[in-house]
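>>> Can you look at this prediction? I've put the sequence above it.
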Amino acid sequence: MATGERDWEAHVAADVAEEQDGAAVAPRTLAEALRTRGDEGLAALLRARPDLLAPVPNDLTQLATRAGTRASVVRALEHLDRFALQTAEALAVAPDPAPYPVLLGLMAGDAGDPDVEAALPGAVAVLREQALVWGGDDRLRLVRTARELLAPSAQHPSPTGLGPAVVEATAGMSPGRLQEILQTLGLPSTHDPVSAVAALTGLFTDPERMAALLDEAPAEALTVLDRLVWGPPYGEVTANPTPPVRWLRDHGLLLPTSARTVVLPREVALHLRAGRAHRAPEPVPPAVEPAREHRPQVVDSTAAGQAYTTLATVEELLKAWDQGGPPVLRAGGMAVRDLKRTAALLDVTEDAAAFWLELAYGAGLLASDGEADERYAPTPASDTWRDLPAARRWAHLAAAWLAGTRTPGLVGNQDAKGRTLAALGSDLDRGAAPEVRRRVLELLAALPHGAAPDAGAVLDRLRWERPLRGGGPGAELRTRLARWTLTEAELLGVTGRGALSSHGRALLRDDDPDQGAAVALLAPLLPEPVDHVLLQADLTAVAPGPLRRPLADTLSVLADVESKGGATVYRFTPASVRRALDSGRTAADLHAFLAAHSRTPVPQPLAYLIDDVARRHGHLRVGAASSYVRCDDDAVLGEIVADRRSAPLRLRRLAPTVLASAADPTTLLEGLRSLGYAPAAESAEGDVLITRADAHRTPPRTAPAPVPEGPPTPDATLLGAAVRAIRAGDLAATVTRKEPAATPREGALPRTSPADTLATVQAAALTGSAVWIGYVNAEGTATQRVIAPVRVEGGFVTAYDHTADEVRTYPLHRITGVAELAEE
């Protein structure tokens, strides 16, 4: 192992010496440019473009090839900020290669721009780091794929608004027509089109001669040029053009691309633009300044109040779906009518209801139950969540929102096929959501505590940071995501009055999965749960704050919520008391519960209500006949049969104390209750059936995993291993080898006989030298490797593999051949 490592270090040292000796030689390819980078430079490239790591390239040549593919270049361009993208666009219309002063002239113009001059080196460094530009400052080269994407053409106009160069625009023009233009311009005639194009280009790039030519142009012709100068550079002409257009065409300032189309040559446009490739270079990002300022305590208390509302709303939603929520649509998600009912239940708009639903779903508190008649219901994790302290519950929801890809703002919109996107549906994931949410909060966090920016300033900054070439749906989505983030952060209690709260800042910077810092900051701001209510004579109870869970659960069964706010008002009704009795509690239990948890005496009307409902509860029994009613008092049954309202139940007397019905037991129970009776369901054995309020839960479910927009950003460990593997593979691919007697064809594995292979690796093990081998693994994949053998025995060679950067054991029969490395 030690011998192998020494040999590896010797090869690396030789490689470095070679690079130093050839430092003066400009790289001829992107692969050669990458070889001049250090490990940090390669790691920065892989960090900025993680798609290049899937899978890890074998060597730097493969890395360069992958970095030049269309998909990878498009992704890299879409992650540039506006000024870096403008720099790439300028390089696409510059000569190839372009010296740095030429690029600076295109960006800053003839008059110069201090901001551009200060920012341009950084933009070029970003493009170099991401392998979109390579070469020294005297020979800047944009990778070919990026040039093809950004260079102007008739089908794909350049974002700069520039047209083709003279040499491109005159490619199909007849030599005679070129000579006519030269004659009109007063230039000497040439003997070939190449010289004619060079003469035109020389005129159009000479500021003094161009100024003199334009001084001779008619005013109407200059107006035509003004319309084309900033793009698009193409214009349509008739068979008999107007005199201004004819003058421009005769003087080559407009060149024909077809019988009815002309184009403004790039050199002419740059002269008219004073050398600038862009009308408005944007070297400095738009500032996000405070628009409103509040005291930090006001912001935190406002956000904490909304955080409390968040917990109350989610708990109310879970409680409402305790016995099963709405059905799942065949295509996934919930129906529009169920969304409307949920909005009415929570007393919010449909957009807000969609947000609360997606928040609970993304946090793993709601899911489908997977039954034959599939419905949504709380998960077992929701019970664990409800037992947590309030601040911990909020942190769980906020962390799920920040990292999740679910996008509730899309609910009600249509997808590409014209289908309406449903709440809780499978088509609401957007990979850009976590990045946009985090970036919006980071911009808010950069402001002083209590400062709230203008939403337009935040959107302008995001558009500058990720302009997304050509706009389109992607750019529009990011803008909408940013707007939704500001709204959702306020709903959730991450911000207060538009400013980021203290616990919101902790949420953003805390790497703790439990969000300990955010919990510690929020907990003192939330009201403490109370263990009592105030009973009143009008059959209501007032909860002076959030109730502890056991008290809240029992009271929600015994009474109905009448109003919410800082103090929740519950109302006792015969139906709510019967609900408590149906859940298995007795009248004595209810009296004891109220006495134990009320700070005021139990009012007499409430005690009478409980006793009256309990006295009648279970007096009638309902079972399955289809269903039946039995009662010891046959007079009561007589009243039911005589009541015309009972006709839909189709009752008939089977015995003095028994009625039969064609309706099912549930319908019969509801019908009798609507008539003012308090029946109880019974089992086949005659026992009263007890229904629990929180009986329905889904099987264990995990929260939905975020759907990333692309490959995740690699961590330092993966980057280090990838760089070592690429370096080792590049050494194996480029190391100088001693040629065997029979030279293999280019790219082929070395071929030697088994005896020669054994002898060579044994000699290498004795001398501690490295050798080049061809190896075929069990799957039949052939590779080339540089190894330093340390032991050869039993048909296996154990060696330090420089390609994999580890010690490995290889069966000798899988080694196709071996060659010694050249000493130099």
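It's in. Numbers count the residues shown, from 1 in each chain.
>>> now the strands: where do they sit in the stretch 101-250 of the chain?
133-134, 141-142, 234-236 (DSSP state E, counting those that start in this stretch).
>>> Name the stretch among these that sits most buried.
Mean neighbour count (mean count of other C-beta atoms under 10 Å) peaks for strand 133-134 among the strands of the stretch 101-250 of the chain, with a mean of 26. The way it works is simple: take the backbone N, C-alpha and C, and place the C-beta from them, glycine included.
>>> Okay, now the sheet partners of it, with direction.
Looking at strand 133-134 with DSSP bridges, its partner strands are strand 141-142 (antiparallel).
>>> coming back round to it: how about the strands of the stretch 101-250 of the chain in a markdown table, adding distance to L459 and mean pLDDT?
Shown next, in a markdown table, are these (distance: least, C-beta to C-beta, whole Å; pLDDT from 0 to 100):
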| stretch | distance to L459 | mean pLDDT |
| --- | --- | --- |
| strand 133-134 | 29 | 96 |
| strand 141-142 | 30 | 94 |
| strand 234-236 | 32 | 89 |
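>>> helices or strands next to the lengthiest strand in the chain in the packing?
The strand that spans the most residues within the chain, counting by DSSP state E, is strand 782-793. Contacts defined by 3 or more C-beta pairs under 8 Å, 6 or more residues apart in numbering; DSSP states H and E place strand 782-793 against helix 2-21, helix 716-734, helix 754-767, strand 771-776, strand 796-801, strand 806-811.
>>> Could you rerun that using 10 Å?
Contacts defined by 3 or more C-beta pairs under 10 Å, 6 or more residues apart in numbering; DSSP states H and E place strand 782-793 against helix 2-21, helix 716-734, helix 754-767, strand 771-776, strand 796-801, strand 806-811, strand 815-820.
>>> Tell me how far the residue of the chain most remote from its centre lies from G504.
With distances taken as C-alpha atoms, centre = their mean, the residue sitting farthest from the centre of the chain turns out to be P656, at 69.9 Å. Per C-beta to C-beta, to the nearest Å, P656 is found 70 Å from G504.
>>> ok, now L551?
Applying C-beta to C-beta to L551 and G504 gives a distance of 31 Å.
>>> Between these two, which has more neighbouring residues?
G504 (27 against 18; other C-beta atoms under 10 Å).
>>> you'd agree the more buried one is up against A489?
Yes. Counting by C-beta atoms under 10 Å, A489 is a contact partner of G504 at 7.2 Å.
>>> Identify the contacts common to these two.
303, 398, 402, 441, 444, 495-496 (C-beta atoms under 10 Å, 6 or more residues apart in numbering).
>>> Report the two of the residues you listed separated the most.
L402 and G496 (16.7 Å; C-beta to C-beta).
>>> and the two? which has more neighbours close in?
G496 (27 against 20).
>>> could you check the distance from that one over to V519?
17 Å.
>>> T310 now?
Using C-beta to C-beta, T310 is found at 14 Å from V519.
>>> same check, this time on R246
77 Å.
>>> Which one's more surrounded, the two?
Ranked by neighbour count (other C-beta under 10 Å), R246 and V519 place V519 first, with 23 against 14.
>>> just the strands in the stretch 351-500 of the chain please.
366-368, 376-378, 451-453, 495-496, 499-500.
>>> just so I have it, where are all the helices in the stretch 501-650 of the chain?
Secondary structure of the stretch 501-650 of the chain by DSSP state H, counting those that start in this stretch: the helices cover 502-509, 516-522, 549-558, 574-582, 587-597, 604-616, 634-642.
>>> Any chance of TSV for these, columns distance to G720 and mean pLDDT?
TSV is the format used below for the helices of the stretch 501-650 of the chain (distance: least, C-beta to C-beta, whole Å; pLDDT from 0 to 100):
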stretch	distance to G720	mean pLDDT
helix 502-509	25	93
helix 516-522	30	92
helix 549-558	48	86
helix 574-582	63	89
helix 587-597	61	91
helix 604-616	71	91
helix 634-642	82	88
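>>> Reformat those as CSV; add distance to L318.
As requested, the helices of the stretch 501-650 of the chain are arranged in CSV below (distance: least, C-beta to C-beta, whole Å):
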stretch, distance to L318
helix 502-509, 22
helix 516-522, 21
helix 549-558, 11
helix 574-582, 18
helix 587-597, 22
helix 604-616, 27
helix 634-642, 38
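>>> Looking at the ones you listed, which is nearest to R724?
With C-beta to C-beta as the criterion, R724 lies closest to helix 502-509 of those, at 31.6 Å.
>>> Okay, buried residues for the closest one please.
Counting neighbours by 16 or more other C-beta atoms under 10 Å, one finds that the buried residues in helix 502-509 are 502-508.
>>> try stretch 707-721
Here stretch 707-721 shows 714, 718-719 as buried, counting by 16+ other C-beta under 10 Å.
>>> How about stretch 126-136?
Residues of stretch 126-136 classed as buried by neighbour count (16+ other C-beta under 10 Å): 126-135.
>>> what's the answer for stretch 84-103, then?
Applying 16+ other C-beta under 10 Å to stretch 84-103 flags 84-94, 97-98, 102-103 as buried.
>>> same check, this time on stretch 480-499
Going by neighbour count (16+ other C-beta under 10 Å), the buried part of stretch 480-499 is 480-486, 488-499.
>>> likewise stretch 292-311?
Across stretch 292-311, burial judged by 16+ other C-beta under 10 Å covers 294, 296, 299-300, 302-308, 310-311.
>>> One more: stretch 360-374?
Buried, per 16+ other C-beta under 10 Å, within stretch 360-374: 360-369.
>>> for it, what is the average pLDDT?
Here stretch 360-374 scores 91 as its mean pLDDT.
>>> do stretch 432-450 as well
95.
>>> Any stretches of this protein with poor pLDDT?
Scanning the chain for pLDDT under 70 picks out the ranges 1-24, 154-155, 469-474, 566, 619, 621-625, 685-695, 735-749, 822-824.
>>> which helix is the longest one in it?
In the chain, with assignment by DSSP state H, the single longest helix is helix 296-320.
>>> who touches the following helix or strand past that helix?
Using DSSP states H and E, the helix or strand that follows helix 296-320 towards the C-terminus is helix 336-346. By C-beta under 10 Å, 6+ apart, the surrounding residues in contact with helix 336-346 are 312-314, 316-317, 320-321, 325-329, 333-335, 348-354, 356-357, 376, 411-412, 420, 422-424.
>>> you'd agree E682 is up against L668?
No. Counting by C-beta under 10 Å, L668 is not a contact partner of E682; they are 11.8 Å apart.
>>> Looking at these two, which is more packed in?
Each of E682 and L668 has its neighbours counted (other C-beta under 10 Å); L668 has more, 29 against 19.
>>> buried ones in stretch 207-226?
Residues 209-210, 213-214, 217, 221, 224-225 are the ones in stretch 207-226 that count as buried (16+ other C-beta under 10 Å).
>>> Include distance to H191 when you put those residues into JSON lines, please.
Shown next, in JSON lines, are these (distance: C-beta to C-beta, whole Å):
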{"residue": "R209", "distance to H191": "22"}
{"residue": "M210", "distance to H191": "25"}
{"residue": "L213", "distance to H191": "24"}
{"residue": "L214", "distance to H191": "29"}
{"residue": "A217", "distance to H191": "29"}
{"residue": "A221", "distance to H191": "30"}
{"residue": "V224", "distance to H191": "33"}
{"residue": "L225", "distance to H191": "31"}
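>>> Mark which of those residues are part of helices, please.
209-210, 213-214, 221, 224-225.
>>> Which members of those are the farthest-apart pair?
The distance between the two most remote of these (C-beta to C-beta) is 20.4 Å, for R209 and V224.
>>> ok, now which ones touch the residue nearest to A703 when sequence neighbours are not counted?
Nearest non-adjacent residue to A703, counting by C-beta to C-beta, 6 or more residues apart in numbering: G364, 3.2 Å away. Counting by C-beta under 10 Å, 6+ apart, G364 touches 379-382, 384-385, 396, 400, 700-704.
>>> Which among these count as buried?
379, 381-382, 385, 396, 400, 701, 703-704.
>>> Which one of those residues is nearest to A287?
Among the buried ones among the contacts of G364, A400 lies closest to A287 (C-beta to C-beta), at 32.1 Å.
>>> So Y810 is in contact with V790, correct?
No. Applying C-beta under 10 Å as the test, Y810 and V790 come out as separate, 11.9 Å apart.
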